[in-house]
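In: predicted model and sequence below, questions to follow.
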Amino acid sequence: MKFLKASVVALLALVGNAQLSVAQTTTPPASKYDQHKVFNPLFYPTNGNEYRTAGGEPGAKYWQNRADYKIAVTLDTAANTVTGTVDITYTNNSPDKLPFLWLQLDQNIYREDSRSQATSAVAGGRFANKAFTKGNEITSVTISQNGKSQQANFIVNDTRLQIRLADTLKANGNKISIKIAYAFTVPEYGTDRLGRLSTKNGWIYEVAQWYPRMEVYDDVLGWNSIPYLGSSEFYLDYGNFDYSITAPANMVVVGSGELTNPTEVYTAATLAKLAKAKASNTTVMIKDSSDIFSTSFYPNKASLT
């Protein structure tokens, strides 16, 4: 009985200590967060360095990497697909060696297993799709570096593709070439600038984010490889773009840049209107409603590039 009594006393003592311990740890520490600092004139100031000043201007050794693109794709209106290749010349102007590269595959937001779909609360909403696609279907990735071409060692994670280099890309202006063969289905219900519309005269295609592109490597975050969810804008390296689009000859292709082969894709009637518009201070309709079905405005070919 003495042993039992002692055990009960010990148990009570332990319970008492436990209650005391709980009482001591349930009081959270005082927060050091001050919401007023958000409105300070120097909110989260950073010190300057050789790459950028404290005020944000480029410093004495400021740098940006560069990505030049050569893209050739074909629009298949029967399958509603874009198929082609992108050749990227990437220049590492940073002072850092790069053992791997990150690229963006924006079309992968339309995959059923994408993070974009997982974070879209409303089915069929602005950033949710009524139907899914396979996203960017990558056929091959080839790299050329130090005079040697080889199949790339790469992995795809959601909207990102990482190329793991056998030879580190050296700093201060060294280059690497990347060639990617790819395809994707243009979704009927895309997001904002991407989708297709069925009309009595055929499909209208609006295609954005239509090629694999380089992520940005900078002096602030290194690789900016945050997954694309569909609701953000873009951060890109500067570079030149040379692209060609092959489409049915009865379609009008609109894109940014300067057309380099107008006589190959326009008829004499269209070229005459373009010349008139160039010399006019008023609006000139190159193709109005009366021209849509006029054979004089479409070359007599199956497709044009």
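Out: Yes, it's here. Numbers count the residues shown, from 1 in each chain.

In: which stretches of the chain form helices?
Out: Along the chain, the segments classed as helices by DSSP state H run 2-25, 115-118, 262-265, 268-278.

In: and these, which one averages the lowest pLDDT?
Out: Note on the helices of the chain: helix 2-25 shows the lowest mean pLDDT, a mean of 40.

In: let me see the contact set for the residue lying closest to Ala183 once chain neighbours are set aside.
Out: Leaving out its chain neighbours, the residue that sits closest to Ala183 by Cβ to Cβ, 6 or more residues apart in numbering is Thr83, at 4.1 Å. Quick note: C-beta positions are derived from backbone N, CA and C, even for glycine. Residues near Thr83 by Cβ atoms under 8 Å, 6 or more residues apart in numbering: Val73, Thr74, Asp76, Tyr182, Ala183.

In: for Gln104, grab the count of nearby residues.
Out: When neighbours are counted by other Cβ atoms under 10 Å, Gln104 registers 25.

In: oh, that last question was meant for Met285, not what I typed.
Out: Met285, neighbours per other Cβ under 10 Å, totals 10.

In: which segments of this protein make up each domain?
Out: Domains of the chain are assigned by automatic domain parsing as 66-248, 265-304.

In: distance from the chain centre to the first one, please.
Out: The one in question is domain 66-248. Chain-centre distance of domain 66-248: 6 Å, with Cα atoms, centre = their mean, to the nearest Å.

In: where does the protein have low pLDDT?
Out: Applying pLDDT under 70 to the chain flags residues 1-26, 38, 41-46, 113, 115, 118-131.

In: quick revisit: of the contacts of Thr83, buried ones?
Out: Using 16 or more other Cβ atoms under 10 Å as the burial test, the contacts of Thr83 include Val73, Tyr182, Ala183 as buried.

In: columns distance to Arg164 on top of those residues, output as TSV?
Out: Output for the buried ones among the contacts of Thr83, formatted as TSV (distance: Cβ to Cβ, whole Å):
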residue	distance to Arg164
Val73	27
Tyr182	19
Ala183	23
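
In: mind listing the residues bridging to the residue nearest to Ala183?
Out: Thr74, Ala183 (DSSP bridges).

In: re the thing from before, ok, which of the domains of the chain comes nearest Pro28?
Out: Of all the domains of the chain, domain 66-248 sits nearest to Pro28, with 30.1 Å by Cβ to Cβ.

In: okay, how far is it across stretch 279-292, tip to tip?
Out: 24 Å (Cα to Cα, to the nearest Å).

In: over to stretch 180-192?
Out: Start to finish, the residues bounding stretch 180-192 are 26 Å apart (Cα to Cα).

In: dump the domains of the chain into a markdown table; add distance to Phe39 as well.
Out: Listed next are the domains of the chain as a markdown table, based on distance: least, Cβ to Cβ, whole Å:
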| stretch | distance to Phe39 |
| --- | --- |
| domain 66-248 | 24 |
| domain 265-304 | 47 |
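
In: ok, the buried ones among the contacts of Thr83 vs Ile292, which is closest?
Out: Using Cβ to Cβ, those come closest to Ile292 at Val73, 24.6 Å.
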